[in-house]
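Q: missing the sequence, but the structure's below:
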């Protein structure tokens, strides 16, 4: 067991409704600033998972799954509506990377086809594209790392790639891509836009109009681990190459969509039930309100840490993302800083290696990613703890 | 919610230690004869899963995962020892089919290579082999469906396939392949033997000596859904084609094995913790004792149902498997029988379509798969219920 240091933040609660958000979760014994790794699930979500698992043991797993059908279909519809897509176009997977693998296997590309990405692209995505035989092309970007839309428009006209891929909200620093605007340009050019929404779902607006989307339950939606999602716009359904799965043919026969054939038949159903509960909580709170609050949390974090001696905030201080990256200016060992923050101060953050964004990271980063319940006192405690380690 | 009919089996408990096995689980409101779909988890296993998930919310998911490391490594070692393989050769996956997909992607085969299977092979395996470009060759079998070892030996000498694949315990009827004997012949010929152990782990002896193995948590081990396992014997590690996963390189650097690189980095960790708990329960009870009891349960089931009017038991009445298949002789609609058994009698079984074993099934089957706690009263109740539906 990791020895977790003392933390006492109970008296420094956030304002409503974020205090209620905090109280809906099990009391934490740490200062949790690690939502970009995995958010803290609510008691309601944890109970939904545990009680589905118990029902599996009581009445049989497949009877329980049939019973949970309406809950899961409501969650599917809720998630699809957030993307502006029909429910039939959304499938559950085991993780964002399992979703990406299913999409790459199903998409009509040939080896040598080009995929256009920004220099900030998530490393494992680039590796997966290269493994699939795709050629990686770099999109022009502005100084803050956002895609240059005029440049994108020219590329789409002059030398269209097989598809454009954007990571909506970057994992390794504060950076949000204008996916809705990019989607309009791609649609006009007839080039599909793929969006990695793993850090974006539950966090940022605007994955409307995309052709292919994938994401995960466990981060900003604060659903369970082991659940991912993918979605494909209806105009591409007929082009998908669906692997033969004799026992999954029922999904297609039921008249839903070929996308549903990409859903894993055997799965962590209890986790899917939990995700559907978490999505419901998020919709009840109001996506726009959550997104605005998370943008504010990111700005407050960068304000609190912007002049921290020995560290530099990576990227724009005003990026509308709750993710902040601190780059070590004095050769600090970030993995060790992250470990000491936990054991000596009870503060949970991430050591983000350069493999996350090999196109632009030259140093590892200390990643800070609070959720909506972050307070000024939390950020002051983090700052004091990092200073104390120097 | 499925309307579950009345069931009252509390007074007809099994003998020790199977009564204790039953009492270790949440009281069921049904007669659960569906372990081959998913077994009933113990309260200890359900609590292990739920408390890991709660710890994720309390101290952060990745801190909780690090804390659970020793539990997961013990479970890995326990599972590997059941297969006679080193712990480093075992990886967790999301399901047996995800495990099979990872193995097929990593194995050094070329399109057109042959895989030899029996006519009873599991349909989705055949589809996956065909999708991978493999040629399917049929192994000679005895009347009961077990592989003809003399025929296998001749095939290995005359026209060796790229690998032999056996489904250790069949899903669609009572049938257990002699995998240990087949493994010796394959080893002597230098041809790898793959074994689908999804229905075998926790159920039957003898996956010792195999080259490649995969299975699942949720059936006879009564672990959680959403967890699978794969294992590769050390002599093949250097031949595996490991996909590039920049963030997974740590596993390799840590000096474990290339097999560990096939483990999904992002996963249902709580489910893995639950599986490790279930494996511990199984080892405490004694694998040989459990296997003997399950073979006995299968024989008792076939004895109780062997002369049921309108139905025929598929396969040998003495197969050492707790799975029994009833074939409808009078055109009964098996899906409807299965549904009515649940709603009118509170008895949970499976409708097994012919797609499960397209090489030998010509009719769908009603599958009965009790666990160790099955009693004569349970089987009498099932028989009476099926008769009442006629």
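A: Okay, I see it. Predicted model only: the values in this text are computed from it and were never measured.

Q: quick one: residue A:47 from residue A:270, how far?
A: From residue A:47 across to residue A:270, the span is 11 Å (C-beta to C-beta, to the nearest Å). (C-beta placed from N, C-alpha, C; glycine too.)

Q: Could you check which of these two is surrounded by more residues?
A: Set residue A:47 next to residue A:270 and count neighbours by other C-beta atoms under 10 Å in any protein chain shown: residue A:270 wins out with 34 against 15.

Q: In contact with that one: list those residues for me.
A: Listed by C-beta atoms under 8 Å, 6 or more residues apart in numbering or on different chains, the contact set of residue A:270 reads A:49, A:50, A:52, A:53, A:56, A:224, B:224, B:225, B:226.

Q: Could you list the low-pLDDT ranges of chain A?
A: Filtered on pLDDT under 70, chain A yields the residue ranges A:1-12, A:244-255.

Q: For the residue of the stretch 251-390 of chain A at minimum distance from chain B, grab phi and psi.
A: Going by C-beta to the nearest C-beta, chain B is nearest to residue A:268 of the stretch 251-390 of chain A, at 2.6 Å. Residue A:268 adopts backbone torsions of phi -80, psi 80, taken as degrees, to the nearest 10.

Q: The nearest residue to residue A:320 once chain neighbours are set aside is in what secondary structure piece?
A: Excluding the flanking residues, the one nearest residue A:320 by C-beta to C-beta, 6 or more residues apart in numbering or on different chains is residue A:295, at 3.8 Å. Residue A:295 belongs to helix A:287-305 when assigned by DSSP states H and E.

Q: For residue A:93, give me its contacts.
A: Applying C-beta under 8 Å, 6+ apart to residue A:93 gives the contacts A:99, A:102, A:214, A:227, A:228, A:229, A:230, A:262, A:263, A:264.

Q: Pretty sure the last one sits against residue B:124.
A: No: using C-beta atoms under 8 Å, residue A:264 makes no contact with residue B:124, being 11.9 Å away.

Q: Give me the common contacts of those two.
A: By C-beta under 8 Å, 6+ apart, the residues touching both residue A:264 and residue B:124 are residue B:97.

Q: for the stretch 101-250 of chain A, what spans make up the helices?
A: Under the criterion DSSP state H, counting those that start in this stretch, the stretch 101-250 of chain A contains helices at A:123-131, A:149-158, A:179-189, A:249-253.

Q: Residue in the stretch 101-250 of chain A with the shortest distance to chain B?
A: When scored by C-beta to the nearest C-beta, the stretch 101-250 of chain A has residue A:226 as its residue closest to chain B, at 2.6 Å.

Q: The closest residue to that residue other than its chain neighbours: what's it in contact with?
A: Nearest residue to residue A:226, sequence neighbours excluded (C-beta to C-beta, 6+ apart): residue B:268, at 2.6 Å. Neighbouring residues of residue B:268 by C-beta under 8 Å, 6+ apart: A:94, A:224, A:225, A:226, A:227, A:268, A:271, B:94, B:224, B:226, B:227.

Q: With distance to residue A:135 as added columns, please give these in CSV.
A: Output for these, formatted as CSV (distance: C-beta to C-beta, whole Å):
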residue, distance to residue A:135
A:94, 28
A:224, 36
A:225, 33
A:226, 33
A:227, 32
A:268, 35
A:271, 36
B:94, 30
B:224, 41
B:226, 35
B:227, 37
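
Q: Thanks a lot, catch you later.
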